[in-house]
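Novice: Just the structure for this:
(2 chains)
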Amino acid sequence: EAAVTQSPRNKVAVTGGKVTLSCNQTNNHNNMYWYRQDTGHGLRLIHYSYGAGSTEKGDIPDGYKASRPSQENFSLILELATPSQTSVYFCASGDWHHNNQAPLFGEGTRLSVL
Amino acid sequence: GEQVEQLPSILRVQEGSSASINCTYENSASNYFPWYKQEPGENPKLIIDIRSNMERKQTQGLIVLLDKKAKRFSLHITDTQPGDSAMYFCAGPSSSFSKLVFGQGTSLSVVP
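Specialist: From the prediction side, this is the model:
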């Protein structure tokens, strides 16, 4: 069964600390995404990837880095976390353009930066 | 042009009536338009999608219409039930076909 797994599910970080959010998909999808969701802002795209080794900036990339070391894994890295990055983060994978596979979302990671 | 605009942001309908949500997009090359439903505390889940080679798609009380000329697509929920109360998001690809951009969301409440 198609799946997108995020870890951790909840994270409390300190301002200035480094945070890594991980995402794993077992769907063999080419494309993977990181979104954040805040009340009143919907789902905003941070970074995305076409495949292993590629990362692309989304609409709000400042303060975030991404890494796609393999087809299955896509990480979001906050090198110097700030309270404004407190949010719910969703990873998704999909490949509708080539393989008719609609984007699937992970369960989300709730991040609090204190 | 990579924005997807979604309206209304809040929608309240009577149980048994229909609910309609509209989205517009900028990229005329966009070819795939999914709709997601998100319940409180959960992740968005795909409920229906449509490709640019179709004008209408229907499944289980959901209808999606696509007007490529107007760059507009819409979701219609027929015979709404309390279980349809949730956030709904439309989405579309940008000039990069791998980049998926979401509308701002519609909070639907179905009242008895």
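
Novice: rest of the way, CA atoms for contacts and neighbours
Specialist: Noted.

Novice: Quick check: residues of chain A near chain B?
Specialist: Residues of chain A lying near chain B by C-alpha under 8 Å from any C-alpha of the partner chain: A:31, A:40-45, A:48-50, A:58, A:90, A:95-97, A:102-108.

Novice: Mark which of the residues you listed are part of strands, please.
Specialist: Among these, DSSP state E puts A:31, A:42-45, A:48-49, A:90, A:95, A:102-105 in strands.

Novice: between the residues you listed, which is nearest chain B?
Specialist: Set against chain B, the nearest of those by C-alpha to the nearest C-alpha is A:Gly42 (4.8 Å).

Novice: Buried ones among the residues of chain A next to chain B?
Specialist: Among the residues of chain A next to chain B, those scoring as buried are A:31, A:42-45, A:48-50, A:58, A:90, A:95-97, A:102-108 (criterion: 16 or more other C-alpha atoms under 10 Å in any protein chain shown).

Novice: Nearest to B:Lys68, out of the ones in strands among the residues of chain A next to chain B: which one, please.
Specialist: Nearest to B:Lys68 among those: A:Ala102, at 20.3 Å, using C-alpha to C-alpha.

Novice: Kindly state the pLDDT recorded for that closest one?
Specialist: On pLDDT, A:Ala102 comes in at 81.

Novice: Pretty sure it sits against A:Trp96.
Specialist: Yes. Counting by C-alpha atoms under 8 Å, A:Trp96 is a contact partner of A:Ala102 at 5.2 Å.

Novice: what about dumping the CA coordinates of stretch B:24-40 to PDB?
Specialist: What follows is stretch B:24-40, C-alpha atoms only, in PDB (Å, rounded to 0.1, in the frame of the first residue of the first chain):
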ATOM      1  CA  THR B  24      -8.700  29.800 -10.700                       C
ATOM      2  CA  TYR B  25      -5.200  29.300 -12.000                       C
ATOM      3  CA  GLU B  26      -2.700  31.400 -14.000                       C
ATOM      4  CA  ASN B  27      -0.600  28.900 -15.900                       C
ATOM      5  CA  SER B  28      -2.400  28.000 -19.100                       C
ATOM      6  CA  ALA B  29      -0.200  24.900 -19.400                       C
ATOM      7  CA  SER B  30      -1.500  23.400 -16.200                       C
ATOM      8  CA  ASN B  31      -2.800  19.900 -16.900                       C
ATOM      9  CA  TYR B  32      -3.700  18.300 -13.500                       C
ATOM     10  CA  PHE B  33      -6.000  19.500 -10.800                       C
ATOM     11  CA  PRO B  34      -6.500  17.600  -7.600                       C
ATOM     12  CA  TRP B  35      -8.900  18.300  -4.700                       C
ATOM     13  CA  TYR B  36      -8.100  17.400  -1.100                       C
ATOM     14  CA  LYS B  37     -10.200  17.100   2.000                       C
ATOM     15  CA  GLN B  38      -8.600  17.700   5.400                       C
ATOM     16  CA  GLU B  39     -10.300  17.000   8.700                       C
ATOM     17  CA  PRO B  40      -9.000  18.600  12.000                       C
END
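
Novice: Buried residues in it, which are they?
Specialist: By 16+ other C-alpha under 10 Å, the buried positions in stretch B:24-40 come out as B:24-27, B:30-38.

Novice: can you tell me which of those are in strands?
Specialist: Per DSSP E, these map to strands at B:Thr24, B:Tyr25, B:Tyr32, B:Phe33, B:Pro34, B:Trp35, B:Tyr36, B:Lys37, B:Gln38.
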